[in-house]
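Colleague: sequence unknown, structure follows:
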């Protein structure tokens, strides 16, 4: 199969994540999109890690429950271990040697990827789908892609998807104030946040595409 990989904290998962997965699925003829909640990302602070991970996993489950080609993968869901992209992709290739993987990331991550842990080891394991953002000129994107291809032999393609100004940080802040996040997250996630009073007393973490450090 051709499998798209979307890694992140998903704290919480929102409409922007789902749309990005949908466009990757359609534009590149993928068979499935796997959402990988990070258990213990190296750039995040550990605050009630185990309980927070349980909530994040359940929100992903609820967000994708009615989409047959969206799957949750718990390969990184271990709060006691740091998750690094190169290691995860190597292990997925070993577990599923007959499948082809497409790692989905944002424009900012594409420009920062040389700062990731053992980033060179990512390139042989997958094709990278780099999502366009309005604040990154397409020529800059193409130059960065060509650079990474020439220097590291990376396989990278542009993923053109609509840019939605939605962030998990904004969602958490609104939820903490008791404001509506109804149109930012799927209904099932909105209900889960309300039922469990998530983010009301929790600390503030940044979210987005992973940036291994």
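Modeller: Structure's in. What do you need? For clarity, every value in this text was computed on a predicted model and none was experimentally measured.

Colleague: assign residue 190 to helix, strand or coil.
Modeller: Under the three-state scheme (DSSP: H, G, I helix; E, B strand; the rest coil), residue 190 adopts helix.

Colleague: ok, the nearest residue to it once chain neighbours are set aside - how many residues close by?
Modeller: Nearest non-adjacent residue to residue 190, counting by CB to CB, 6 or more residues apart in numbering: residue 182, 5.3 Å away. For glycine as for every other residue, the C-beta is placed from the backbone atoms N, C-alpha and C. For residue 182, the neighbour count with other CB atoms under 10 Å is 12.

Colleague: now residue 182: phi and psi?
Modeller: phi -50, psi -40 (degrees, to the nearest 10).

Colleague: same question, residue 122
Modeller: Here is the backbone geometry of residue 122 (degrees, to the nearest 10): phi -70, psi -40.

Colleague: tell me the contacts of it?
Modeller: For residue 122, the contact set (CB atoms under 8 Å, 6 or more residues apart in numbering) comprises 85, 86, 89, 103, 113, 116, 128.

Colleague: distance of residue 49 from residue 193?
Modeller: As judged by CB to CB, to the nearest Å, residue 49 and residue 193 stand 19 Å apart.

Colleague: neighbour count winner among the two?
Modeller: Using other CB under 10 Å, the more surrounded residue of residue 49 and residue 193 is residue 193, with 21 against 15.

Colleague: how close does that one get to residue 6?
Modeller: For residue 193, the distance to residue 6 - CB to CB - is 20 Å.

Colleague: quick one: low-confidence parts of the chain?
Modeller: For the chain, applying pLDDT under 70 flags the ranges 41-48, 79-80, 133-136, 163, 201-213.

Colleague: kindly recompute the last result at 80.
Modeller: In the predicted model of the chain, residues 40-49, 78-82, 133-137, 162-165, 201-213 satisfy pLDDT under 80.

Colleague: strands of that one, residue ranges please.
Modeller: For the chain, applying DSSP state E gives strands covering 2-8, 32-37, 70-72, 100-106, 127-131, 156-159.
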